[in-house]
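Novice: Turn this into a structure:
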Amino acid sequence: MDANVIFSAAYRSEAGLRKLWRPPGVRMVTSAYAVEEARTNLIQPPQHRELDELLGCVEVVPTAAPTDHLLFSRVELPNKDRPVLLAAIGVGATHLLTGDFWHYMGPYRGKRIQRVLILSPRDYLSLRTRIACP
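Specialist: Residues are numbered from 1 along each chain as shown. Reported below is the predicted structural model:
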């Protein structure tokens, strides 16, 4: 998950994004980089508590340095967005959920980058519903 997803879920306790924390059989992963970005942008102590609670069932992986020049010669992302993609690739994630409509969703929505499918949280939840309810 990208920072904006975990930020938004922690920002409001009634956020619809919290549905992401319910599907059984899903390994939820984010990077330390994304957690730090979310934590920095949350300003209220209750939001920090919500973030900590949400992260209780999320695997936080180390941040990878954006050094894969071959990958980023084909994928145009600002340096600040590269560690999240590299973390997803590094752990073998099947999906990268992001609300970054400018850098990720515009050019890469619904596309795979090294086996990682880029989706919005809404797209992912819709996909899960279609799979679970034929």
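Novice: Can you tell me which helix or strand of this protein has the lowest average pLDDT?
Specialist: When the helices and strands of the chain are scored by mean pLDDT, DSSP states H and E, helix 71-74 comes last with a mean of 70.
Novice: what about the helices in this protein?
Specialist: 3-11, 32-41, 45-55, 71-74, 82-90, 106-108, 121-132 (DSSP state H).
Novice: closest one to Trp21 among these?
Specialist: helix 45-55 (6.4 Å; CB to CB). The way it works is simple: take the backbone N, C-alpha and C, and place the C-beta from them, glycine included.
Novice: Point out the other helices and strands that that closest one packs with.
Specialist: Using 3 or more CB pairs under 8 Å, 6 or more residues apart in numbering; DSSP states H and E as the contact test, the elements touching helix 45-55 are helix 3-11, helix 32-41.
Novice: could those be laid out in TSV, adding distance to Val84 and mean neighbour count?
Specialist: Formatted as TSV, the helices and strands packed on helix 45-55 follow (distance: least, CB to CB, whole Å; neighbours: other CB atoms under 10 Å):
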stretch	distance to Val84	mean neighbour count
helix 3-11	7	23
helix 32-41	5	18
